[in-house]
Each structure stands twice: as C-alpha cells, then as structure tokens.
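Chemist: Just a sequence and a predicted model for now, questions to come.
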Amino acid sequence: MSRRTYNSPRRQQQAAATRRSILEAADRLFARDGYPATTMEAIAGEAGVSLKTVYLPFTTKSGLLRALWDLRLKGDDADPPVAQHEWFREVLDEPDPARKLQLNARNSRAAKTRIGPLFKVIRGASEIDDDCGALWQLIQTDFHANQRTIVDSIHRRGGLRHGLTLGRATDTLWTLNHPDVWNLLVYERGWSPKQYETWLYEISCAELLGTLTR
C-alpha cells in the first residue's frame, strides 16, 4: 500500500510563515552586514530555525536573495510576474496617458519603498557571485520590458509627444524610474518618497507627453 502524503492547510500555513520569517531575517542581515558577510548559519540563527530549514526551500544563499527580491518587488508571496499583478494592470487599463504615468509613479514609489536597500545588496552581490549577477541582469531586463509595456499602451493611443519614438520613450521612462535615481534622490539627497513620486510623475509627463502637470 502506498503511503499517502499528509499536507494539511495548517501545515501549509506554518511552512509559509517559516519561509517569510527566514526571508525577513535575511533582509535584516543583508542590509546590516552585506551579502558576503551574511552566512546561511547567521540567517538561521536570526530566524530561529535550523540550518536545514533554511536550505530546504532556497538551496543557496543566492536563491534566498532571489526569493527575497521577488517578495519585495511584488509585495506579496504570489507567483505571477509583475505584469499580471492588479496594481500593474491598473496602469495598462487606464485610458488617460497622464493618469497612466501618475499610477506608474505611485507604483514606483510603493515598490522602491518596499525594496529599499535591497538594490544595493543585489548590485554588490552581483560583482562577486555569478547567480546574483544573473539576477541583477534579469532585474534590468524585466524592468525595461515592463516600462516598454506601459509606454506602448500610451503609444498605441497616440499619446506620445510628437517625434518621440517608442524605443526612445521606453529608454527615457526606464531611466527616470531606475532604482539608481531613487537612491540618488531619496538616500543621497534626502527627498521624501512622496517628493520622488511627484517628481517622477511630472517629469514623465513632460518627457513622454510634452505636457506640464502644474
């Protein structure tokens, strides 16, 4: 007789809670000590679990970092990519170009506030770890593709300012919305997240639509 797998909803909830605890512990240690100095043993200790419990769902430290990125970017534990989340679909479904860019600026602020110092952690890790390097490149590629989807939804309605191509508009929005710009303005120059959101909305409208919001 075959052995039946026991997988109760309560056990699933406990596993999800443990996973989240490990990710939160890793986030704290990565931010405080950096990626190279943070060991899987330290993460296990911070989370209050065994080392095996840390390795089982993530396999490697770089795998754990990738899972942490997914959690912070999407804002939840859902598997679908960014383009399938409701907050992104809202941008695409909005018919007004200016309102579309306003929603994009709102989403940018929310995501970057969640992610915070993780940008620096991943970029630093990419210089010493091939898997983290691949993650950083994937982030750049996916981010550019998502911005292109938004710009294309404006372009198809004839909303881009005269003479601006789809490619140039995508590169412009990608640059304005890039995490490096957030780091410069918020962390280096002390802007508030709300000030960044307002600036991104206004400069996006000026550059892509040729309109002023004030």
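Modeler: Yes, it's here.

Chemist: Let me know the helix or strand that the closest residue to Ser50 other than its chain neighbours is in.
Modeler: With C-beta to C-beta, 6 or more residues apart in numbering as the measure, Ala44 is the residue that lies nearest to Ser50, at 6.2 Å, once sequence neighbours are left out. (C-beta placed from N, C-alpha, C; glycine too.) Assessed by DSSP states H and E, Ala44 sits inside helix 40-47.

Chemist: The following helix or strand past that helix: which residues count as buried?
Modeler: The first helix or strand that comes after helix 40-47 along the chain, using DSSP H and E, is helix 51-58. With burial defined by 16 or more other C-beta atoms under 10 Å, the residues of helix 51-58 counted as buried are 53-54, 58.

Chemist: helices or strands up against the very next helix or strand once past helix 51-58?
Modeler: Scanning forward in sequence from helix 51-58 by DSSP H and E, the next helix or strand is helix 61-74. Using 3 or more C-beta pairs under 8 Å, 6 or more residues apart in numbering; DSSP states H and E, the elements in contact with helix 61-74 are helix 9-33, helix 40-47, helix 51-58, helix 97-115, helix 118-126, helix 130-155.

Chemist: redo that, cut-off 6 Å
Modeler: Contacting helix 61-74 under the criterion 3 or more C-beta pairs under 6 Å, 6 or more residues apart in numbering; DSSP states H and E are the following elements: helix 9-33, helix 130-155.

Chemist: Go through these and pick out the most buried.
Modeler: Comparing the helices and strands packed on helix 61-74 on average neighbours per residue, with mean count of other C-beta atoms under 10 Å, the densest one is helix 130-155 at a mean of 17.
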